[in-house]
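**Student:** Here is my input, please return the structure:
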Amino acid sequence: MNRTAIIFDLDGTLADTLRDISEAMNAALTACHLPVHPVETYRLRVGHGWAHLARESVTGAAVAQVEEVSRLAFQYYQRHLTDCTHLYDGIRPTLEQLSARGIRMAVLSNKPHALTVAVVERLGCAAMFVAIQGALDNVPSKPEPVLALAVSDRLGIAPPETFFVGDSAVDVETALRAGMIPVGVTWGFRDRSELVRAGAVHIVDRPGDILRLPGLGGTGQASPTIIR
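**Tutor:** Got it, this is the predicted structure:
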């Protein structure tokens, strides 16, 4: 068995989920007679979990309104989970090649667990992952390393031999706290500068570049490496 593993973030890394998430939040804001936001503004709000997204989307409202917006958005999102969501170009063949190389893979998201599993299943790639893990009640989510380490244990690969691939500083920080190798991707919801500041060891611009990382059958150089 290959002794290297990869944990992938979901939103902004494997899949473009931005429109479905933003439309769910805007539908809830409209129902509560609160201002809505352009889709692109949600790029900087996504990634810290559902409750954080609601708080950041409701301006000047009482806590009770935030909770109601969160509840309504969650309900809407459950009904429209993958209306517009799709895997980024190049993700599926990259996953297929990694799987063929015997690389053990998992998904870890701050999206609620049931929704994380449902999205990955609907995108048709669940069978390629050893574990699919979303946020759980009363368990610290990313960037806390608790779930990342639990997923690593399920993969059966030591954290120092595990790449953590994501599009945001949250993912990079999670990897560093868990003792994993942080890989930033530039096609997601954040920009390269955020990934560099956060301390990403590798930065990739295309999904296929992941195949070139050292230990994954690639020829990457010693860290820190930025693959352009």
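
**Student:** make it CA atoms for all contacts and neighbour counts henceforth
**Tutor:** OK.

**Student:** Now the element after the worst-scoring helix or strand of the chain on mean pLDDT, going C-ward?
**Tutor:** For the chain, scoring each helix and strand by mean pLDDT, DSSP states H and E identifies helix 50-57 as the least confident one, at a mean of 85. From helix 50-57 onward toward the C-terminus, using DSSP states H and E, the following helix or strand is helix 63-79.

**Student:** Buried ones in that following helix, by neighbour count?
**Tutor:** 65-66, 68-74, 76-77 (16 or more other Cα atoms under 10 Å).

**Student:** With stretch 15-30 instead?
**Tutor:** The neighbour-count check on stretch 15-30 (16+ other Cα under 10 Å) flags 15-29 as buried.

**Student:** now it, how far from the centre of its chain.
**Tutor:** 16 Å (Cα atoms, centre = their mean, to the nearest Å).

**Student:** which strand in this protein runs the most residues?
**Tutor:** For the chain, the longest strand by residue count, based on DSSP state E, is strand 104-112.

**Student:** I would like the residues contacting the helix or strand hosting T116, please.
**Tutor:** Using DSSP H and E, T116 maps to helix 113-122. Helix 113-122 is contacted from outside by 10, 78, 81-82, 109, 126, 132-136, using Cα atoms under 8 Å, 6 or more residues apart in numbering.

**Student:** Only alpha carbons, please: show the longest strand of the chain as PDB.
**Tutor:** C-alpha atoms of strand 104-112 as PDB (Å, rounded to 0.1, in the frame of the first residue of the first chain):
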ATOM      1  CA  ARG A 104      -5.700   6.800   0.300                       C
ATOM      2  CA  MET A 105      -8.000   9.800   0.200                       C
ATOM      3  CA  ALA A 106     -10.600  11.500   2.400                       C
ATOM      4  CA  VAL A 107     -12.700  14.600   2.500                       C
ATOM      5  CA  LEU A 108     -12.900  17.000   5.500                       C
ATOM      6  CA  SER A 109     -15.300  19.900   5.400                       C
ATOM      7  CA  ASN A 110     -16.700  22.500   7.900                       C
ATOM      8  CA  LYS A 111     -20.000  21.900   6.100                       C
ATOM      9  CA  PRO A 112     -22.400  19.900   8.400                       C
END
